[in-house]
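S.K.: sharing a model that was predicted from the sequence below.
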Amino acid sequence: MNALTPLLPALQSLEPLGLPSGSLSDWFASASERQAARLAVHVQAEFGALHGVEGAVDHAYLRSGAFQANVVQAVRAAEVAESEDKLRFIARALAGCVLAFPPPAPDKFQTMRVIEGLSDRELRVFVGLFDLLDPIDPFGDRLPVNGTATVAGLSRQEFASALLGLAQQGFLSRADVCRDGWSEPEAAWTLTALARQVAVLTRIGGEAP
């Protein structure tokens with residue numbers, strides 16, 4: 001079975017934005033059709049919102065094989081998604097891929113690929129970090145490694161474990177920094193360039209094209 005079948009109505013809705021008419025006939029992905037059907041609900045909603053931002057659409061990208069590759073990557077990521085939040089995040093990232101960005105433009109395929117590897121807990125913590133860091137400049141802020149912060153519903157230990165997972169995947173870097181009022185450097189987490197790419201495509205943390 002073609003796992004892309006449930007997504008065809010959503011994909012066809014992009015034809016007015018530049019997706020070549022009839023180009024979907026030979027698109028194919030081997031994955032869980034059930035998971036693809038769950039993803040399709042969120043993709044339809046996210047693609048529907050794109051029709052209000054036609055001027056920001058990357059028309060050349062829609063006509064390229066890169067878009068097809070990222071659709072297949074999204075379906076692969078959905079296959080291991082455990083929650084609706086993860087599926088919604090994948091759909092939002094795929095919709096973000098349709099948009100054009102000023103330099104430095106995010107690497108769309110790399111971003112879709114790393115999103116697949118995020119566990120539900122890591123995703124929850126990644127999104128929650130933008131509520132814990134400076135809302136104006138989260139990428140210039142730092143989170144103490146030994147602090148007491150966490151996100152709702154997770155213990156401090158669960159939160160710390162998810163931070164380590166995010167660091168292993170390249171979303172966070174750890175360094176010793178001096179903070180106001182401290183005489184000794186303190187270990188802290190900072191968001192990386194990869195984290196910025198993911199934030200750009202999913203439009204969280206104030207990142208937008």
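M.R.: That came through fine.

S.K.: F109: neighbour count?
M.R.: F109 has 13 neighbours, counted by other C-beta atoms under 10 Å. Using the backbone N, CA and C atoms, a C-beta is placed for each residue, glycine as well.

S.K.: the worst-scoring helix or strand of the chain on mean pLDDT: what's the following helix or strand?
M.R.: None of the helices or strands of the chain scores lower by mean pLDDT, DSSP states H and E than strand 172-177, at a mean of 87. The helix or strand immediately downstream of strand 172-177 is strand 186-191, counting by DSSP states H and E.

S.K.: tell me the buried residues in that following strand?
M.R.: Buried positions in strand 186-191, judged by neighbour count with 16 or more other C-beta atoms under 10 Å: 188-191.

S.K.: what is the nearest of those residues to P104?
M.R.: L191 (15.5 Å; C-beta to C-beta).

S.K.: so the closest one sits against R174, correct?
M.R.: No: look at L191 against R174 with C-beta atoms under 8 Å: they stay out of range, at 11.6 Å.

S.K.: low-confidence ranges, the protein, go.
M.R.: 52-55, 178-183, 205-209 (pLDDT under 70).

S.K.: what helices and strands are in contact with the longest helix along it?
M.R.: When the chain is parsed with DSSP state H, its longest helix is helix 33-50. On a contact count with 3 or more C-beta pairs under 8 Å, 6 or more residues apart in numbering; DSSP states H and E, helix 33-50 meets helix 8-12, helix 65-79, helix 84-97.

S.K.: helix or strand next in line after that helix, which one?
M.R.: helix 59-62.

S.K.: buried ones in that following helix, by neighbour count?
M.R.: Neighbour-count burial for helix 59-62 flags 61-62 (criterion: 16+ other C-beta under 10 Å).

S.K.: one more: stretch 190-209?
M.R.: For stretch 190-209, the neighbour count (16+ other C-beta under 10 Å) marks 190-192, 194-202, 204-205, 207, 209 as buried.
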